[in-house]
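[1] Build me a structure from this.
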Amino acid sequence: MRRIPTLFRLAARGVLREARRSLLTASAMALGLALLMFTRSLADGGHEDWINAGVRMGAGHVLFQAPGFRESRSLDDRLSGKQAGAAMAALATLEGPLAPLATTVRLTTNGLASSASSALPVVIEGVDPKTEASFSQAAQGITEGRYLEPGDRLAAYVGRGLAERLSLSLGSRFVLTAQSTEGEIQGQLVRVVGVFRTGLPEVDEGLVHIPISTARSWLGAGDAVTTVGAILTTSRVVPEVVQAVRFDVGTDDIQVLGWREAYPELDAALRVDDYGDYVFLGILFAIVALAVLNTVLMAVLHRKREFGVLQALGLTPAETGFVVFTEGVLLTALAGVVGMILGAALTWGFFRNGLDFSAFLSEEMTFGGIVIDPVIVPEFRMVQVLQSFVSIAVVGIVASIYPAFRATRIDVGEALKFE
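    Okay, here's the model as predicted:
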């Protein structure tokens, strides 16, 4: 134990003696760590943007529905007014970072939209205009007219694709047809007050918003809803929120879904993107490991005589290996500090307003059923910094083990002959 400070000094001297080689290796590791931090923050920021766009296109990060509604999409599987109230009360108990940013209720059914020129199958959503205006991405994609207002009764908000295919314009009337809760086919005349565009053809051609009061009266649904949805501050708190509200609701008659269960296509697309990131990071780690391995191993091979002399003066093979291992650790630590500073500067200094990829996109790109925003804002978190540093440190330490083992196998007699 008394020799440990001496061994550390020997290791530090070895790193400084080969200053150019050590600097090149540390620079490669620091650049790798900075690149790792930036790519992870960019990927996390992009994923959060995509999730936020997806849940706003859908019904939120957390959904309350009747069991079976996701499969049937039928008004037979609906929540009563009392159940919807219980769901809203459970959301209202959440505080701090778990508290929802916005909530809404919807009465959703499949139906038919028909005009004098054509008829198309559509998803009809009865919504609360007051809450939906700040909740839905469709509500924020107005191209003509306006969104629904609380005083509206026979108003409809339609996608541009649907308006074009049915030859509709502002003020045009058309008929919505759907099955009521009594099992009868009912029609409802509505008038276009606004047109939206999301960039997704299936949404722009197949979604109609009408006031929920109109939908309930037309379909005989009373005060029922099919979905209660909530937008949260971040997708990372969804599991905790789902667990909390399930406990508060406390009944099997209300199904609580997180965004992963509610939007499996988006979840699958994000997982595929993550796998691609893991491949890139694996290649990056391999390059860093080879750089460390090369530097430390070459130090062993070129300093056999030095290590032989040290062992002749009393160092044990294990202590010689410890010196070599410590050189690799010192290089990793130096690179880690520089890399974290460089990575933070790269993320915060150059891209704090987002990285704009619009120049590389000739048209809108979709991803997992959403339109990708070409401006990606990196998401910087301390846990990312720590994870990146630990990852690089583990790679550097593991890469130093073999050269250290080689140093323990040096033959003193042969080493003293070595020039």
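[2] The stretch 1-150 of the chain: strands as residue ranges?
    Secondary structure of the stretch 1-150 of the chain (DSSP state E, counting those that start in this stretch): strands located at 62-65, 102-114, 119-127, 142-145.
[3] Check the stretch 301-419 of the chain too.
    Under DSSP E, counting those that start in this stretch, the stretch 301-419 of the chain gives strands at 355-356, 366-367, 370-371, 375-376.
[4] Tell me which of the strands of the stretch 1-150 of the chain approaches V385 most closely.
    Of all those, strand 62-65 sits nearest to V385, with 29.2 Å by Cβ to Cβ. Every residue, glycine included, has its C-beta placed from N, CA and C.
[5] Ranking helices and strands of this protein by mean pLDDT, which lands last?
    strand 366-367 (a mean of 60; mean pLDDT, DSSP states H and E).
[6] rewinding a little: adding mean pLDDT and distance to L36, write the strands of the stretch 1-150 of the chain out as a markdown table.
    Shown next, in a markdown table, are the strands of the stretch 1-150 of the chain (pLDDT from 0 to 100; distance: least, Cβ to Cβ, whole Å):
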| stretch | mean pLDDT | distance to L36 |
| --- | --- | --- |
| strand 62-65 | 94 | 32 |
| strand 102-114 | 93 | 35 |
| strand 119-127 | 94 | 42 |
| strand 142-145 | 92 | 41 |
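[7] Return the most buried member of those.
    strand 62-65 (a mean of 27; mean count of other Cβ atoms under 10 Å).
[8] Tell me which strands it pairs with, and in which orientation.
    Neighbouring strands of strand 62-65 in its sheet, by DSSP bridges, are strand 227-231 (antiparallel), strand 255-258 (antiparallel).
[9] Report the mean confidence score over the shortest one.
    This means strand 255-258. Per-residue pLDDT values over strand 255-258 give a mean of 92.
[10] ok, and what's touching that strand?
    Residues outside strand 255-258 that contact it (Cβ atoms under 8 Å, 6 or more residues apart in numbering) are 61-67, 69-70, 238-239, 241-242, 245-246, 249.
[11] Listing request: residues of the stretch 51-200 of the chain with sub-threshold pLDDT.
    By pLDDT under 70, the stretch 51-200 of the chain has no low-scoring segment.
[12] for the stretch 301-419 of the chain, same thing?
    349-375, 412-419.
[13] can you give me the helices in it?
    304-312, 317-345, 382-408, 412-417 (DSSP state H, counting those that start in this stretch).
[14] Pick out the residue closest to the middle of this structure.
    Nearest to the mean C-alpha position of the chain, by Cα atoms, centre = their mean, lies H47 at 2.9 Å.
[15] so that residue touches A269, yeah?
    No: here H47 does not reach A269: they are 9.9 Å apart, not a contact under Cβ atoms under 8 Å.
[16] ok, now how distant is the residue nearest to the centre of the chain from M382?
    Look at H47 and M382: by Cβ to Cβ, to the nearest Å, they are 18 Å apart.
[17] for V398, same thing?
    24 Å.
[18] Those two: which is more packed in?
    Ranked by neighbour count (other Cβ atoms under 10 Å), V398 and M382 place V398 first, with 14 against 7.
[19] tell me the pLDDT at the residue lying closest to the more buried one once chain neighbours are set aside?
    Excluding the flanking residues, the one nearest V398 by Cβ to Cβ, 6 or more residues apart in numbering is A289, at 7.0 Å. The per-residue pLDDT reported for A289 equals 76.
[20] Tell me who's in contact with A289.
    Counting by Cβ under 8 Å, 6+ apart, A289 makes contact with 395-396, 398-399.
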